[in-house]
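J.: Predicted model, plus sequence, below.
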Amino acid sequence: MSDVAEETPVNPYGAPGKLAPVLSDMWDKDKSWKLETYRNNGGYEALEKAWSYEGDEIINIMKDAGLVGRGGAGFPTGLKWSFLPPHDGGPRYLVVNADESEPGTCKDIPHLMANPHVLIEGMAICLKAVGGHHGFIYLRGEVVHVYRRLLAAVREAYEAGLIGKGRGPQGDYDIDITVHAGAGAYICGEETALLSALEGYRGQPRLKPPFPAAEGLYARPTVINNVETISSVPGVIKNGADWFKAMGTESANGHVIYSLSGHVKNPGQYEAPIGITARELFDLAGGIRPGHKLKFWTPGGSSTPIFTEDELDVVMDYNSVKEAGSMLATRAIQVFDETVSVVRVVTRWADFYQHESCGKCSPCREGTYWLRQILHRLEAGKGQPGDVDMLLNITKNIGANTFCALGAAAATPVNAGIARFRDEFEAGYTTPAWELFPYEKTPRFAEEGE
Ligand SMILES: Cc1cc2nc3c(=O)[nH]c(=O)nc-3n(C[C@H](O)[C@H](O)[C@H](O)COP(=O)(O)O)c2cc1C
Ligand code: SF4
């Protein structure tokens, strides 16, 4: 099929400021995770359509749609698929990154629980596009309930003849899907560490190049994409690139899941067009809990520089958030009101990164340990004069000197916290954070009526 331009369905999701429940539309259906429910709601129609396209045609639709990766870096998906070298007769793989572990990021896990079949459908389409026959889902191991759900959904898809041997109109295309439960390490979300872990080795990042497109899983050409990225593929194929492009801004297209947690009235997942503002998202979530005011928030998870109310009107797309000094990343919006100590929050994040540092390179292995030590004494009101500058010095030395991005992820919240709230860190020379910001004021359900 060469003519891929078709009539674009009316798009109810074009207007910014509103929700766009495309993936999440299934979530509240009765037994949403079952194949029957998914099919009754148009599921697997995109795969049917994809069988009539050549691989390159699918890739071109993806490029035209402008879907960018939802795992953090925002790399164009169609372009990534096109990087695979020409076929040499050997295997080529798709690996879905379902390791979701960044503090505040909590979209892939509930999505997989509610709607696993859209991922399986997206995987089959991607494999057809890149000429691969085997896809893997690398899931963080702690979520055993999601693992079971994925296994059951994959089994359903095999039994219904949607995947397996001899698929497609000519009955000559094999598609196999393997679900793998990891051992629970944040670093295994980094794509090359993930590949090592999937191969059975210690989950530590590999040197790039070679990039996974050239030498990925078992040293074969491999596409690695996030759960939400691949789940967005069936909608694009079914409704067309123009439908997808009608949502978003000049710099990025489509619907995305924003995760709001913390001190908003109704925390949860809000799927909206890219480009909604944080103020609109906060409003959709019922605003800050009654009687309190916003102090700071993260636009994209704990590794992204914090914002305050000054940035509430920033358009939540990649370029605008970057221009405002942070990153959209995983769109994990953690919201903190005036009862929260910035030092305490940054210290908890530092605990996390130090614990998750894989130890391969010394700036991160040693640096995260030092950050944690100093932050703990500041939190306890036992800081030593010069500690705040010492923190900045350490983050500078971690900076771009680490083997993978985890080092920078650990340094960023410390820098950003000090840049915005230096006084609070310096107060840690004499006063414990728990005296300035008593614990009992902070819990979300601390106050009657909430
Ligand atoms: C320390 C670290 C952890 C990461 N964790 C995840 C993760 O849990 N899920 C994910 O999709 N991407 C994660 N990434 C990004 C991946 O390396 C990769 O860019 C992504 O899976 C590509 O998919 P996408 O193009 O669909 O976004 C992580 C990166 C780093 C450096
Ligand atoms: S930056 Fe940290 S997580 Fe990444 S390779 Fe170095 S030690 Fe490991």
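T.: Okay, I see it. Ligands and ions are numbered 1, 2, ... in the order given.
J.: and the gap between residue 424 and residue 95?
T.: 42 Å (CB to CB, to the nearest Å). From N, CA and C alone the C-beta is placed, and that goes for glycine too.
J.: ok, these two, which is more surrounded?
T.: residue 95 (24 against 20; other CB atoms under 10 Å).
J.: Surely the more buried one is within a helix?
T.: No - with DSSP: H, G, I helix; E, B strand; the rest coil as the criterion, residue 95 is assigned strand and is not in a helix.
J.: That one touches residue 196, doesn't it?
T.: No - Residue 95 is beyond contact range of residue 196, at 11.7 Å (criterion: CB atoms under 8 Å).
J.: which parts of the protein sit against ligand 2?
T.: 187, 205, 357-361, 364-365, 402-404, 406-407 (CB under 6 Å from any ligand atom).
J.: Could you pick out the buried ones from those residues?
T.: 187, 205, 357-358, 360-361, 364, 402-404, 406-407 (16 or more other CB atoms under 10 Å).
J.: check these against ligand 1, which are close?
T.: 187, 404, 406.
J.: which residues does the first one contact?
T.: Just to be clear, that refers to residue 187. 193, 203-205, 356-358, 404, 406 (CB atoms under 8 Å, 6 or more residues apart in numbering).
J.: Skipping adjacent residues, who's closest to it in space?
T.: residue 358 (4.5 Å; CB to CB, 6 or more residues apart in numbering).
J.: In terms of pLDDT, where does the one you found sit?
T.: If you check residue 358, the pLDDT there is 97.
J.: any chance of the buried ones among the residues of the chain next to ligand 2 in a markdown table, with secondary structure too?
T.: Formatted as a markdown table, these follow (three-state DSSP):
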| residue | secondary structure |
| --- | --- |
| 187 | helix |
| 205 | coil |
| 357 | coil |
| 358 | coil |
| 360 | coil |
| 361 | coil |
| 364 | helix |
| 402 | coil |
| 403 | coil |
| 404 | coil |
| 406 | helix |
| 407 | helix |
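J.: ok, the residue nearest to residue 360 when sequence neighbours are not counted - how many residues close by?
T.: The spatial neighbour of residue 360 that comes closest, neighbours along the chain excluded (CB to CB, 6+ apart), is residue 204 at 4.9 Å. Residue 204 has 19 neighbours, counted by other CB under 10 Å.
J.: just residue 417 next, same as before
T.: Residue 417 has 24 nearby residues by other CB under 10 Å.
J.: again with residue 250
T.: Counted with other CB under 10 Å, residue 250 comes out at 10.
J.: Same check on residue 76?
T.: 16.
J.: For it, which non-adjacent residue is closest in space?
T.: Nearest one to residue 76, counting by CB to CB, 6+ apart, is residue 68 at 5.3 Å.
J.: Widest-spaced pair of the residues of the chain next to ligand 2?
T.: Spatial extent of the residues of the chain next to ligand 2 (CB to CB) is set by the pair 205 and 365 at 12.9 Å.
J.: quick one: residue 122 is in a helix?
T.: Yes - under three-state DSSP, residue 122 falls within a helix.
J.: hang on, isn't it packed against residue 233?
T.: Yes - counting by CB under 8 Å, residue 233 is a contact partner of residue 122 at 3.9 Å.
J.: On the three-state scheme, residue 175 is what?
T.: Residue 175 ends up strand, using three-state DSSP.
J.: How about the contacts made by the nearest residue to it once chain neighbours are set aside?
T.: Sequence neighbours aside, residue 163 is the residue nearest to residue 175 in space, at 4.4 Å (criterion: CB to CB, 6+ apart). By CB under 8 Å, 6+ apart, residue 163 lies in contact with 120, 124, 154, 157, 175-177.
J.: residues contacting the residue nearest to residue 360?
T.: For residue 204, the contacting residues are 187, 193, 196, 358, 360, by CB under 8 Å, 6+ apart.
J.: Would you pull up the residue in the stretch 151-300 of the chain closest to ligand 1?
T.: residue 189 (2.1 Å; CB to the nearest ligand atom).
J.: thought that residue was touching residue 96?
T.: No - applying CB under 8 Å as the test, residue 189 and residue 96 come out as separate, 11.7 Å apart.
J.: neighbour count winner among those two?
T.: A side-by-side neighbour count of residue 189 and residue 96, using other CB under 10 Å, places residue 96 first with 31 against 25.
J.: Look up the closest residue to the more buried one, ignoring the ones flanking it.
T.: Sequence neighbours aside, residue 137 is the residue nearest to residue 96 in space, at 4.6 Å (criterion: CB to CB, 6+ apart).
J.: near ligand 1, which residues of the stretch 151-300 of the chain show up?
T.: 186-187, 189-191, 224-226, 229.
J.: redo that, cut-off 5 Å
T.: 189-191, 225-226, 229 (CB under 5 Å from any ligand atom).
J.: same thing with the stretch 1-150 of the chain?
T.: Counting by CB under 5 Å from any ligand atom, the residues of the stretch 1-150 of the chain near ligand 1 are 69, 71-73, 75, 97, 99-100.
J.: how about 8 Å then?
T.: 68-75, 77, 80, 97-102, 105, 108, 140 (CB under 8 Å from any ligand atom).
J.: where do the strands sit along the stretch 1-150 of the chain?
T.: 93-98, 134-139 (DSSP state E, counting those that start in this stretch).
J.: Going by residue numbers, what spans are helices in the stretch 1-150 of the chain?
T.: 35-40, 45-50, 55-65, 77-82, 108-114, 116-130, 144-159 (DSSP state H, counting those that start in this stretch).
J.: closest to residue 263 out of these?
T.: Taking CB to CB, helix 108-114 is the member of those nearest to residue 263, at 20.1 Å.
J.: For residue 218, which of the strands of the stretch 1-150 of the chain is the nearest?
T.: strand 93-98 (7.7 Å).
J.: which other helices and strands contact that closest one?
T.: Judged by 3 or more CB pairs under 8 Å, 6 or more residues apart in numbering; DSSP states H and E, the packing partners of strand 93-98 are helix 108-114, helix 116-130, strand 134-139, helix 191-198, strand 222-226, helix 227-231.
J.: Minimum distance to residue 239: which of the ones you listed has it?
T.: Per CB to CB, nearest to residue 239 of these: helix 116-130, 13.3 Å.
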